[in-house]
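S.K.: Any chance you can model this:
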Amino acid sequence: MRSVGKKVASKKAADWFINHFPLLGGLASCFKIIENQNFCWKNEIKIAAVDVTKAEIYVNPAAGLNFEELKFVLAHEFLHAGLNHHERRQGRNAFIWNVACDFVINSWLYEMNVGKMPQDILFDEDLKNMSAEEI
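M.R.: Model prediction:
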């Protein structure tokens, strides 16, 4: 686990939103950031995941994200919660729904220039301006 000063890098990245993006900062203040490589390995979390019901975001330290990539990834997870994706699934296949939501969120974050998009992230410019339901 990498540290920036006395704070873990992902915690510092989460705190960044409070000063720069008030809406995402409000969401950031509600979630506990957990960096645990064993937990991520056991739960097949390659980069990060969110559990809205537990108000926890899991970041895999083995992903090797730099600060700008952490900002992108955390904003991504905050938006899953803020856009109520867990409730909007409404019986759809969980994997396909999550992929559709990922395309939407990543497009927005890219457009907003929030952090830096990590490699191997779901992104397709042809899906720009589409909702998860449309995708």
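
S.K.: quick one: residue 85 and residue 97, what's the gap?
M.R.: For residue 85, the distance to residue 97 equals 7 Å [C-beta to C-beta, to the nearest Å]. (Glycine included, C-beta is placed from N, CA and C.)

S.K.: shared neighbours, those two?
M.R.: Taking C-beta atoms under 8 Å, 6 or more residues apart in numbering as the contact rule, residue 85 and residue 97 both touch residue 132.

S.K.: so where's the protein uncertain?
M.R.: Where the chain drops to pLDDT under 70, the residues are 1-7, 18-20, 87.

S.K.: Please enumerate the helices of it.
M.R.: 9-20, 22-28, 37-42, 67-82, 85-88, 94-112 (DSSP state H).

S.K.: Ranking the ones you listed by mean neighbour count, which comes first?
M.R.: Mean neighbour count (mean count of other C-beta atoms under 10 Å) peaks for helix 67-82 among those, with a mean of 22.

S.K.: Residues touching that one, excluding its own?
M.R.: 4, 9-10, 12-14, 16-17, 21, 23-24, 27-28, 30-31, 33, 47-50, 52, 57, 59, 65, 86, 101-102, 105-106, 108-109, 114-118.

S.K.: change it to 6 Å
M.R.: Helix 67-82 has contacts (C-beta atoms under 6 Å, 6 or more residues apart in numbering) with 9-10, 13-14, 24, 27-28, 47-48, 50, 52, 57, 105, 109, 114-118.

S.K.: How far away from the center of its chain is that helix?
M.R.: Helix 67-82 has its C-alpha centroid displaced from the chain centroid by 3 Å (C-alpha atoms, centre = their mean, to the nearest Å).
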